[in-house]
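Asks: Take this sequence and fold it.
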Amino acid sequence: MPTDVLRSARHATAVWAEMIKFAHSVFALPYALLATFLAARPGLPTATQLLLILICMVGARSAAMTFNRLVDQRIDAENPRTRGRPLPSGTISRTAAWSFFAASGGLFLLGCAGFWLLCDNPWPFGLSLPVLALLCAYSLAKYVTRWSHLILGAAIALSPVAAWIAINPHTLSWRAALLMLAVTCWIAGFDLIYACQDERFDRRRGLFSLPATMGVAAALRLARVLHLLTALALISVGLAHQLGWLYYLGVACVAALLAYENAIVSPRDLSRVDVAFFTINGVVGVVLGVLGVLDIVLT
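Replies: Modelled structure (predicted):
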């Protein structure tokens, strides 16, 4: 009996992790941690602050992804690429998904309240509901504008700015905005590449996306421009914060990975989109986050 219970628990965890794409947390979390350590300089963030940042990130991202899946359930069921997802396939019910959304949103609000109660910083809690609303707004963007990729990038790029406000709101400045710009361009660029898979479906269904409205070739060119801007913005972050060689080593690795990501995808061959989207971008976030934080800690 315990073995059956354990197997069932593992299956349920895997299903929910698939629905919210938990593995994609490596996209935004490293940038939030980098901003956390930058905001704490010349000192270091406390263990309490780091724990609260992690709670807020998990809660906000889980709520936003669940809302996105709920909004997209009908079109996901029509798309051969996505109809096997937990909601359209019936593995998870809408009631369960809404309950999970509420619990995740509650976890985010609790983490924000923790900064007020434990760190004497009311700003995260005061801004929590508007931030959560902006994160969920992306799910509706593709129904009204082809610039939904940039909206997604800007929504996820709130994470480093929000982390900065949570750690030290008094030092928030244009330097934090540079990190937000880098994340916005990075996310928007690889979301454009990923969206190329659904170009025909989006056009037939009347959904707004840049690949569907301007073509795959143009979308891929724009992705390259956005990733070039990402590298330039990351260099600007290093200059603005006077970071050291470890950080710039991370930027060099990111630039090389982004160049490779754009090189392996073409309008005639989209077979390696998943490699470009999942593997390479996961490495991008971790490499820059780890080397950037190490640079700050060691210097």
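Asks: Quick one: low-confidence residue ranges for this structure.
Replies: Residue ranges of the chain with pLDDT under 70: 1-26, 276-277.
Asks: Swap in 90 and give it another go.
Replies: Scanning the chain for pLDDT under 90 picks out 1-29, 81-86, 89-92, 137-147, 202-209, 268-286, 299.
Asks: Skip the chain neighbours and tell me the closest residue to A177.
Replies: The spatial neighbour of A177 that comes closest, neighbours along the chain excluded (CB to CB, 6 or more residues apart in numbering), is V161 at 7.3 Å. Glycine gets a C-beta too; all of them are placed from N, C-alpha and C.
Asks: nope, I280 is what I meant
Replies: Closest residue in space to I280, ignoring its immediate chain neighbours: E261 at 4.6 Å, by CB to CB, 6+ apart.
Asks: list the contacts for that neighbour?
Replies: Each residue near E261 by CB atoms under 8 Å, 6 or more residues apart in numbering is listed here: F190, I193, H227, A276, I280, N281.
Asks: Need the CA coordinates for stretch 170-188. PDB is fine.
Replies: Extracted C-alpha coordinates of stretch 170-188, given in PDB (Å, rounded to 0.1, in the frame of the first residue of the first chain):
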ATOM      1  CA  HIS A 170      15.400  53.000  -1.700                       C
ATOM      2  CA  THR A 171      18.100  52.200  -4.200                       C
ATOM      3  CA  LEU A 172      15.800  51.300  -7.100                       C
ATOM      4  CA  SER A 173      17.000  53.200 -10.200                       C
ATOM      5  CA  TRP A 174      17.600  53.000 -13.900                       C
ATOM      6  CA  ARG A 175      20.300  50.300 -13.300                       C
ATOM      7  CA  ALA A 176      17.600  47.900 -12.300                       C
ATOM      8  CA  ALA A 177      15.700  48.800 -15.400                       C
ATOM      9  CA  LEU A 178      18.700  47.600 -17.500                       C
ATOM     10  CA  LEU A 179      18.300  44.100 -16.100                       C
ATOM     11  CA  MET A 180      14.600  44.300 -16.800                       C
ATOM     12  CA  LEU A 181      15.400  45.300 -20.400                       C
ATOM     13  CA  ALA A 182      17.800  42.300 -20.800                       C
ATOM     14  CA  VAL A 183      15.200  39.800 -19.500                       C
ATOM     15  CA  THR A 184      12.400  41.300 -21.600                       C
ATOM     16  CA  CYS A 185      14.400  41.000 -24.900                       C
ATOM     17  CA  TRP A 186      15.700  37.500 -24.000                       C
ATOM     18  CA  ILE A 187      12.200  36.100 -23.100                       C
ATOM     19  CA  ALA A 188      10.500  37.800 -26.100                       C
END
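Asks: what does it rub up against?
Replies: Stretch 170-188 has contacts (CB under 8 Å, 6+ apart) with 27-28, 31, 34-35, 38-39, 149-150, 152-154, 156-161, 164-165, 226-227, 229-230, 233-234, 236-237, 240-241, 258, 281, 284.
Asks: roughly how far is the strand or helix carrying T184 from the heart of the chain?
Replies: Applying DSSP states H and E as the criterion places T184 in helix 174-195. With CA atoms, centre = their mean, to the nearest Å as the basis, helix 174-195 stands 9 Å off its chain's centre.
Asks: Any buried residues in whichever helix or strand comes after it, and which?
Replies: Using DSSP H and E, the helix or strand that follows helix 174-195 towards the C-terminus is helix 199-205. Residues of helix 199-205 classed as buried by neighbour count (16 or more other CB atoms under 10 Å): E199, F201, D202.
Asks: do stretch 143-150 as well
Replies: Across stretch 143-150, burial judged by 16+ other CB under 10 Å covers R146, W147, S148, H149, L150.
Asks: likewise stretch 124-135?
Replies: Using 16+ other CB under 10 Å as the test for burial, stretch 124-135 gives P124, F125, L127, S128, V131, L132, L135.
Asks: so the last one touches A64, yeah?
Replies: Okay, so that is L135. Yes - with contact defined as CB atoms under 8 Å, L135 reaches A64; the gap is 4.0 Å.
Asks: separation between the residue lying closest to T48 once chain neighbours are set aside and W164?
Replies: In space, and not counting its chain neighbours, T48 is closest to L118: 5.6 Å by CB to CB, 6+ apart. Distance of L118 to W164, given as CB to CB, to the nearest Å: 18 Å.
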